[in-house]
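Asks: sharing a sequence plus its predicted fold:
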Number of protein chains: 2
Amino acid sequence: MSRALNGHDHVSPDTRRKVADATRALGYVPNAAARSLSTAKSQAIGVVLPDLHGEFFGELVRGMDKAANERGYLLLLSNMHADRAQASQAMGTMRGRVDGLIVMAPQLSAEELAEALPPGLPAVLVNSPVEAGLHSLRIDNRGGVMLMVRHLLARGARNIVHIAGLAGNLDAEERAAAYREAMASLAPELPVTVLQGDFTDDSGERLVQQLLAQGSEFDAVFAANDMMALGALQALRTIGVGVPEQVAIAGFDDVPLARYLGLSTLRVDIAGIGERAVARLVSELDGKAPPSTQEDYVPALMARATTASRPAGHKT
Amino acid sequence: MSRALNGHDHVSPDTRRKVADATRALGYVPNAAARSLSTAKSQAIGVVLPDLHGEFFGELVRGMDKAANERGYLLLLSNMHADRAQASQAMGTMRGRVDGLIVMAPQLSAEELAEALPPGLPAVLVNSPVEAGLHSLRIDNRGGVMLMVRHLLARGARNIVHIAGLAGNLDAEERAAAYREAMASLAPELPVTVLQGDFTDDSGERLVQQLLAQGSEFDAVFAANDMMALGALQALRTIGVGVPEQVAIAGFDDVPLARYLGLSTLRVDIAGIGERAVARLVSELDGKAPPSTQEDYVPALMARATTASRPAGHKT
DNA sequence: GATTTTTGTGTAACCGGTTACATATTGCGC
DNA sequence: GCGCAATATGTAACCGGTTACACAAAAATC
């Protein structure tokens, strides 16, 4: 009853003041569970993420937390691991405890994801297979790759090798496909090479060592993430190949190491994506947003030392 | 009623099966708010962290999430920023929505923290001023510093300079104090030097440049974190001072960059601390743990290239 | 076979808010 | 000064579980 005084209704300013005083004097705090029960709202957003490493995770959560805080929501967190069972279980636990979900599941197929999502719960998908009827935020891998390939070509690269990420990963596959497309549209006469890596620096190093061992010609390495690019850098430096004089190197993600070591790469505003995801979800919860939209984040080109001067097209 | 069948009580196995079938058939999911209201438990743990950067945040949350998941708890997250008002507000929002709190507040004084904590709510403090009656987990800065000073001395260092972290920061001050203590107890005859940095690589670089400019003698730099150590490394390399031949360098934290660049440092198992914090909190909630304990995590010495060979005690 | 004990099932109060509705109060016009 | 409208306050039902208790049925005891 006295709670109706929470903001609206016909209440005399006098009474309102008295109630306010009393609550303060008694240190009264409304019971969240009771309120949530009667209003069928929890003011909480469920966040389901894969087992992320590095600072990616922190950045994303930072952005989401900021946006959620500003809107009076709290974040309920649940990491999940690779398989569908765990994803399903994680989302199930959230059910009934949150008003909406933010899900990032780049390792799930569209069907698996559809099955795991609790029906009827508003959700925003981040870098996941697109699901009809839901909001979706994605990194524009195509756009980013296009920027970098253009940059490498402009610098004079004529033999760009792409090191792909973990097989089956959405981003890895999009980046590899985008590399082929970019080459086909920007420089169809140049050779296209894709090597299968797994996102680790070791795989980058090993693959470049193999290239060198078999005497392949190349004047640029474009890896699907920064760690593999750094592995490649390591391999070239060890052998004594000049970077960027003889071979240019580029990565993707812009991890802190990349800046420190002067690696050219593509920067993704992770915190911004987190913020945006929450903003989307909340505006849907408030009924202010269309039920389903899609948005792509174009990464920014960070041209640094490893692609600094024009390579002359040396062989290794 | 039929809910009493959730596990115990006098229920015929037959009835139990029928209920189980029905719930499955109807896709019934118990309402979390209602349960929480009647049981006065939320199965949620509140996590209040400072505005952390780098992978520290992610590691900590990963550890907590793992431990919470295993015990059937969910994590309610709230970052807070530097000041007390926000800390207080963050913890207030959690009140009534969580069964317990994990708080990390290295920037608050003991009094500020005591004031911000909701009274009566079980809590575990991580790397914060110790509060009587609460669990506390801390990084054993003393133990870690002692390990490193011993290591540097064993390698022949005779003039170790310490670069301290941000003034007012708990860890920064403990590490500086521990450095003095370690020197006093292990090598009282050797000089003690503490320079005031601020945890940034710039400050490390600048301070070492100053040392070089004024012709000070030193054969080892022990910084209060890795970034400052890397700044120092940068300064020395630029001038042409041999590392580790002429000057050894050591940091604290073991960030990914440190491993990559061969920086000797002290590793803290962040995820382990997160796990432990949740384990502690839950066992207190279950009434299985004493109301208040303290535990220190001793960092592990990571001896790498920057302290590899014995310096001969050169001057700069 | 009747009574006591045990076990199974049904009933209702309670957790602490929100909100629709009924009642009490005030203000206004005539 | 009276009646009606508008506004303020009180009351009670409801959200959906949990749990203590009452009662019914089955099993055990003599």
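Replies: Thanks, I have the structure now. Numbering: from 1, shown residues only, chains lettered A, B, ... in the order given.

Asks: would you map the helices across the stretch 51-200 of chain A?
Replies: Along the stretch 51-200 of chain A, the stretches classed as helices by DSSP state H, counting those that start in this stretch are A:56-70, A:84-94, A:110-116, A:141-154, A:170-186.

Asks: just those: most buried one?
Replies: Ranked by mean neighbour count, the helices of the stretch 51-200 of chain A are led by helix A:56-70 with a mean of 22 (mean count of other CB atoms under 10 Å in any protein chain shown). No exception for glycine: its C-beta is placed from N, CA and C like everyone else's.

Asks: show me what that helix is packed against.
Replies: strand A:44-49, strand A:74-79, helix A:270-285, helix B:55-70, strand B:74-79 (3 or more CB pairs under 8 Å, 6 or more residues apart in numbering or on different chains; DSSP states H and E).

Asks: now those as a markdown table including mean pLDDT and distance to A:A34?
Replies: As requested, the helices and strands packed on helix A:56-70 are exported to a markdown table (pLDDT from 0 to 100; distance: least, CB to CB, whole Å):
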| stretch | mean pLDDT | distance to A:A34 |
| --- | --- | --- |
| strand A:44-49 | 94 | 15 |
| strand A:74-79 | 92 | 17 |
| helix A:270-285 | 94 | 21 |
| helix B:55-70 | 90 | 24 |
| strand B:74-79 | 92 | 17 |
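
Asks: circling back to that earlier point, of all the helices of the stretch 51-200 of chain A, which one is nearest B:P290?
Replies: Smallest distance to B:P290 across the helices of the stretch 51-200 of chain A (CB to CB): 29.8 Å, for helix A:84-94.

Asks: measure how the closest one sits relative to strand A:44-49, angle-wise.
Replies: Put simply, helix A:84-94 runs at 170 degrees to strand A:44-49, going by axes from the mean of the first three to the mean of the last three CA atoms, to 10 degrees.

Asks: where are the low-confidence patches of the stretch 1-150 of chain A?
Replies: Counting by pLDDT under 70, the stretch 1-150 of chain A shows low-confidence ranges at A:1-12, A:81-82.

Asks: mind checking how far the residue in the stretch 101-250 of chain A that chain B sits nearest to is from A:N69?
Replies: Proximity of the stretch 101-250 of chain A to chain B (CB to the nearest CB) peaks at A:L230, 7.5 Å away. From A:L230 across to A:N69, the span is 35 Å (CB to CB, to the nearest Å).

Asks: same question for A:A305.
Replies: 38 Å.

Asks: tally of neighbours for whatever residue of the stretch 51-200 of chain A ends up closest to DNA strand C?
Replies: Residue nearest to DNA strand C within the stretch 51-200 of chain A (CB to the nearest atom of the strand): A:G72, separated by 13.1 Å. The local packing of A:G72 (other CB atoms under 10 Å in any protein chain shown) involves 9 other residues.

Asks: tell me the contacts of the closest residue to it other than its chain neighbours?
Replies: By the measure of CB to CB, 6 or more residues apart in numbering or on different chains, the closest residue to A:G72 outside its immediate chain neighbours is A:Q43, 6.1 Å from it. Counting by CB atoms under 8 Å, 6 or more residues apart in numbering or on different chains, A:Q43 touches A:S36, A:G72, A:Y73, A:L74, A:D99.

Asks: please repeat the previous calculation with a cut-off of 10 Å.
Replies: Residues counted as contacts of A:Q43 (CB atoms under 10 Å, 6 or more residues apart in numbering or on different chains) are A:32, A:35-36, A:68, A:71-74, A:98-99, A:285, B:93, B:97.
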